[in-house]
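Visitor: quick check, what structure comes out for this input:
(one chain, ligands or ions: 1)
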Amino acid sequence: MRLRNVAGSREAISESRFVIQDPKERKNHWRELFGNPNPIHIEIGMGKGRFIMDMARLHPEINYIGIEKYSSVLIRGIQKMEAENLPNLFFIRMDAEEIAEVFGREEISKIYLNFSDPWPKDRHAKRRLPSREFLNRYQEILSKEGNLEFKTDNQALFTFALEELKAADWHLDQMTEDLHHNADMMEGNIMTEYEERFSSMGNPIYKYIISQNK
Ligand code: SAM
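Guide: Numbers count the residues shown, from 1 in each chain. Next up is the predicted model:
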């Protein structure tokens with residue numbers, strides 16, 4: 001969803017009070033930012049932020065951090081936060097490759113990956129957010145009781161994601177190949193922007209929930 005050349009987006013992000021400018025400095029101290037001991041949930045690749053803003057509004061007892069690589073996309077989330085300031089939500093503009101430099105061991109209780117970019121070429125497999133390389137990074141920051149939820153409409157990416165679990169020593173807790181017709185897993189589902197778009201086209205939505213083998 002890269003929107004090119006949104007004029008002034010980099011500058012607006014560097015000045016925004018909703019964006020953490022020095023995320024590596026906050027490693028192991030994220031709770032101080034929120035001023036409470038509540039669990040921290042993150043969405044990696046939040047896009048324009050609809051999902052994480054809905055979650056933050058619904059769950060004031062959870063702290064949320066949305067991570068997005070591109071300024072031109074993140075700026076949309078910031079504009080929405082200017083209109084509705086949610087005290088339990090902040091954003092970081094960064095590449096998720098650096099995630100273990102930003103969060104400490106077990107600092108995060110839940111990770112959301114929603115409609116991650118598929119990177120269809122084999123040589124780009126390491127860039128896929130549910131790849132073993134990324135799963136190893138997530139293991140460094142996720143609490144032992146924590147879990148990761150992944151949704152996509154891309155069958156090939158979902159098949160790849162399932163195969164990666166064995167290599168990275170994760171446990172598959174729940175999965176569906178048609179989320180919107182699975183009453184159990186649909187309970188409390190919050191739609192993302194991409195989910196609304198693809199499900200309205202009739203695409204089934206794949207989802208898994210995984211945790212670390214203990
Ligand atoms: N999660 C949103 C949704 O479901 O509507 C957006 C999905 S969009 C297809 C994927 C988003 O992930 C894009 O905004 C992209 O810039 C971001 N992204 C991809 N790779 C990333 C990475 N390595 N680190 C941070 N964000 C990333």
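Visitor: give the contact list for Glu177.
Guide: Counting by CB atoms under 8 Å, 6 or more residues apart in numbering, Glu177 touches 158, 204, 206. Backbone N, C-alpha and C define where each C-beta goes, glycine included.
Visitor: next one: it from Lys151, what distance?
Guide: As judged by CB to CB, to the nearest Å, Glu177 and Lys151 stand 12 Å apart.
Visitor: cool, and Leu113?
Guide: In this view, Leu113 and Lys151 are 8 Å apart by CB to CB.
Visitor: equivalent analysis for Asp178, please.
Guide: As judged by CB to CB, Asp178 and Lys151 stand 12 Å apart.
Visitor: got it, and Leu179?
Guide: Distance from Leu179 to Lys151, counting by CB to CB: 7 Å.
Visitor: okay, the two: which has more neighbours?
Guide: Lys151 (24 against 19; other CB atoms under 10 Å).
Visitor: give me the neighbour count for His67.
Guide: Not quite, residue 67 is Ile, not His. Around Ile67 there are 24 residues (other CB under 10 Å).
Visitor: before we move on, what about Arg197?
Guide: The tally of other residues near Arg197 (other CB under 10 Å) stands at 13.
Visitor: ok, and the closest non-adjacent residue to the residue nearest to the spatial centre of the chain?
Guide: The centroid of the chain falls nearest to Glu43 when counting by CA atoms, centre = their mean (2.0 Å). Spatially, and ignoring its direct neighbours in sequence, Glu43 is nearest to Tyr112 (4.2 Å; CB to CB, 6 or more residues apart in numbering).
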